[in-house]
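J.: Give me a model of this one.
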Amino acid sequence: MLDGAKVSIILLDATTVCLRGDTAGIGPGTVLISTEGDGFIRKVVSMSPLQDGIRLVTVQAGLAEAFSRLDVKLDKVFGLADFGQVIATGTPEIGLKFRVPPALQKSAGATNVEVAGPELALSFNRYGASGSSGVEITGEATFKVNPQWDISLETVNAGRSVLKYHFGINPNYRHSFTAKAVYGGAISMNADIPEIVLGRFLIPNTPLVVVPTLVIAANATGSAAGAFGTTYMASVSGGATLERNITRNVSTTNSYQPLQTGSFDLAESTLSVDATPSSMKIEFRLYGVAGPNFGFDAKGYMSGTFERNAQSGQEGIRAKVSAGLYANVGAGGKLAFLSSFYKGIDGDFSVFNVPVKIVEAELADAFFPFSGAGGVTVSDNGNVPDDVFEVALDGLVLGRTSMGGSGQFRMSSLRPGTRQLSIKTVEDDSPPGTYVVRLGEGLTFAGGGVERSGGLNLGSSATFSVIVPPR
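T.: Numbering: from 1, shown residues only. Coordinates of the predicted model:
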């Protein structure tokens, strides 16, 4: 291991290490171990002198090349003291910070309130609004970064090594998200968010550096003919464990107690949208290269369909939101270095994840009546008061006029746009049935004006295109 008191690193990149100081004994084949920054384990391929040190060309070394034996335990809640409060994300709409849960902060003078460990808060502030995605996501997901990790490495026969570990986490996850669209149209959002290094942590009394790395994503696809908004929340207690034995026989356990609620806040028109407002995974990478991971995916499906009440004629959108919460536990890391990192260790150490469905449910079913309204008056327009007319809108019968008189039909909760108004002569003692139709409360005929008149034989009908304005 490089001793910072005797040798200093003056340059470090993907393949090169330049050292100054006591470099005796370092040459091709030497495995370097450092805890600076992300830490590293590198094998020296070649060496050349510098004016004030040496330049080493290196490659990624394996755990088994750096250590013949490891027996390490990590049981910790990461927080402010490890990585600071606010962590830069590089994306203005995404915030990330460690905090003590507000509801659990100890008030002045309180003696019976236990302060929980810090949680990581990942927030989205109108994510997607600045582009052409058609949707924006606002909300927050919080969880504890509290891994329990036992690592065991030992060299056995013929110089081969075996690696076993137990990994567990109980994150106490919560989220609350709002997905909305201000205008209708196609919805397509697939966030390309660079992975975020939460910090670096040296496991006490070891040369092992853990680099917790957060991988997050958000996406949505579908279409909406108008504005919509929906909110859904979830919380989960419990967690997961991962066991890996010598031959990579992996076993996992999952124990979750979920709670979900949701609501539809607005639905102007038909829609069908799949959204994942938050997908997050934390990888606990040794030396920034590889290690176990754990993650949550929050998903939602929003639908809005046209609905008309056959009795009242009320029209609107039947909106529903279903949501699910899914977890996964596995192992991953930087693909380019995995084979080198696990070189000489028995078993398969390729990337894998074991998913589990925590909960799926329909959270909200709401009806949003249309805002359009209108009035129609149909009257007998002949010299003999003998006609009766049946009046319908888009095939739904609104009623009949009185014999030789008129009928007034007021309508609310109409879908704005072009509608089909029809009248039919159902009684007529002196053909033809003569009528006059007058529109009110903002309705107009498609060709202009608010009045039409004419004559119809018994059983015949006339249809008019009518414009319902938005309100």
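J.: CA only for contacts and neighbour counts going forward, please
T.: Noted.
J.: what ranges of the chain fall below the confidence cut-off?
T.: Along the chain, segments meeting pLDDT under 70 span 102-117, 158, 246-250, 312-313, 371, 471.
J.: Quote the end-to-end distance of stretch 2-21.
T.: 11 Å (Cα to Cα, to the nearest Å).
J.: So which bits of that stretch are buried?
T.: Neighbour-count burial for stretch 2-21, counted by 16 or more other Cα atoms under 10 Å, picks out 2, 8, 16-20.
J.: Can you pick out the most distant pair from these?
T.: With distances taken as Cα to Cα, the most widely separated pair in these is 2 and 16, at 15.2 Å.
J.: What is the burial count for residue 342?
T.: By the criterion of other Cα atoms under 10 Å, residue 342 has 22 neighbours.
J.: residues contacting it?
T.: Taking Cα atoms under 8 Å, 6 or more residues apart in numbering, we find residue 342 in contact with 62-64, 349.
J.: rerun that using 7 Å as the cut-off
T.: By Cα atoms under 7 Å, 6 or more residues apart in numbering, the contact list for residue 342 reads 62-63.
J.: how about the helices in the stretch 251-400 of the chain?
T.: Applying DSSP state H, counting those that start in this stretch to the stretch 251-400 of the chain gives helices spanning 335-341.
J.: circling back: which ones among the buried residues of stretch 2-21 map onto strands?
T.: 8, 16-20 (DSSP state E).
J.: Please tabulate these in a markdown table and include distance to residue 42 as additional columns.
T.: Compiled in a markdown table, these are given as follows (distance: Cα to Cα, whole Å):
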| residue | distance to residue 42 |
| --- | --- |
| 8 | 15 |
| 16 | 10 |
| 17 | 9 |
| 18 | 12 |
| 19 | 13 |
| 20 | 17 |
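J.: Out of the residues you listed, which is nearest to residue 380?
T.: Of all these, residue 380 sits closest to residue 16, with 96.2 Å by Cα to Cα.
J.: what's across from that closest one in the sheet?
T.: For residue 16, the beta-bridge partners under DSSP bridges are residue 57.
J.: ok, for residue 242, nearest residue in space, not its chain neighbours?
T.: Distance criterion Cα to Cα, 6 or more residues apart in numbering; nearest residue to residue 242, sequence neighbours excluded, is residue 252 at 4.6 Å.
J.: who's in contact with the one you found?
T.: Going by Cα under 7 Å, 6+ apart, residue 252 touches 241-243.
J.: try 8 Å
T.: When contacts are counted by Cα under 8 Å, 6+ apart, residue 252 touches 240-243, 329, 354.
J.: count of neighbours near residue 27?
T.: Residue 27 has 17 neighbours, counted by other Cα under 10 Å.
J.: quick one: it is in a helix?
T.: No - with DSSP: H, G, I helix; E, B strand; the rest coil as the criterion, residue 27 is located in coil rather than a helix.
J.: correct me, but it touches residue 49?
T.: No - Residue 27 is beyond contact range of residue 49, at 11.1 Å (criterion: Cα atoms under 8 Å).
J.: most centrally placed residue in this structure?
T.: For the chain, the residue nearest the mean C-alpha position is residue 277 (1.9 Å; Cα atoms, centre = their mean).
J.: Looking at the buried residues of stretch 2-21, spot the one nearest residue 423.
T.: For the buried residues of stretch 2-21, the residue nearest residue 423 by Cα to Cα is residue 16; the value is 86.5 Å.
J.: does the closest one really touch residue 60, like I thought?
T.: No - contact criterion Cα under 8 Å: residue 16 and residue 60 do not qualify, at 10.9 Å.
J.: Specify the beta-bridge partners of residue 72.
T.: Here residue 72, judged by DSSP bridges, has bridge partners residue 151.
J.: do you know how far it is from residue 95?
T.: Distance from residue 72 to residue 95, by Cα to Cα: 33 Å.
J.: residues in contact with residue 457?
T.: So residue 457 contacts 425, 428, 431-433 (Cα under 8 Å, 6+ apart).
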